[in-house]
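Trainee: prediction below, plus the sequence it came from.
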Amino acid sequence: MRGIATSVAVFTLLLLAAIGTASGVPPFVCSLRALAGAFVAYVLTTIAGRMAIRILVSVIRSGPNPSHRREEHLR
């Protein structure tokens, strides 16, 4: 999970730095904005990954629907 979030953050950092450079923003402002964007991307990716894992675990724990089991036994 941490590796994916880090990759997304690095990609976001480079993308925002390129956009800032192309826009003519001063280098210091460009770097601060790129770092802030990378941090936000890291946090959001981590949260989204944890939510996805929790959803998958809850689906696996719930198991198959009991009504489907009864239909299989009736056939």
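Mentor: Nice, thanks for sending it over. Residues are numbered from 1 along each chain as shown.

Trainee: may I ask which helix or strand of the chain has the lowest mean pLDDT?
Mentor: Within the chain, no helix or strand scores below helix 66-74, which has a mean of 60 by mean pLDDT, DSSP states H and E.

Trainee: all helices for this structure, in order.
Mentor: Remark: helices assigned in the chain by DSSP state H are 2-23, 27-62, 66-74.

Trainee: okay if I get these as TSV plus mean neighbour count?
Mentor: Backbone N, C-alpha and C define where each C-beta goes, glycine included. As requested, those are exported to TSV (neighbours: other C-beta atoms under 10 Å):
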stretch	mean neighbour count
helix 2-23	14
helix 27-62	13
helix 66-74	8
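
Trainee: measure residue 6 to residue 33 for me?
Mentor: Applying C-beta to C-beta, to the nearest Å, the value for residue 6 to residue 33 is 19 Å.

Trainee: grab the nearest non-local neighbour of residue 1.
Mentor: Once flanking residues are discounted, residue 1 sits nearest to residue 49: 4.8 Å by C-beta to C-beta, 6 or more residues apart in numbering.

Trainee: er, residue 35 I mean
Mentor: Leaving aside its chain neighbours, residue 35 sits nearest to residue 13 (6.9 Å; criterion: C-beta to C-beta, 6+ apart).

Trainee: was I right to think the residue nearest to residue 1 contacts residue 3?
Mentor: No: here residue 49 does not reach residue 3: they are 10.4 Å apart, not a contact under C-beta atoms under 8 Å.

Trainee: overlap in contacts of the two?
Mentor: Between them, residue 49 and residue 3 share no contacting residue under C-beta atoms under 8 Å, 6 or more residues apart in numbering.

Trainee: which stretch in the helices of the chain has the least confidence?
Mentor: Mean pLDDT is lowest for helix 66-74 out of those, coming in at a mean of 60.

Trainee: surely residue 16 touches residue 39?
Mentor: No: using C-beta under 8 Å as the test, residue 16 is too far from residue 39 to be in contact (11.0 Å).

Trainee: list the contacts of the residue most central in space within the chain.
Mentor: Centroid-nearest residue in the chain: residue 45, 2.6 Å away (criterion: C-alpha atoms, centre = their mean). If you count contacts by C-beta under 8 Å, 6+ apart, residue 45 has them with 4-5, 8-9.
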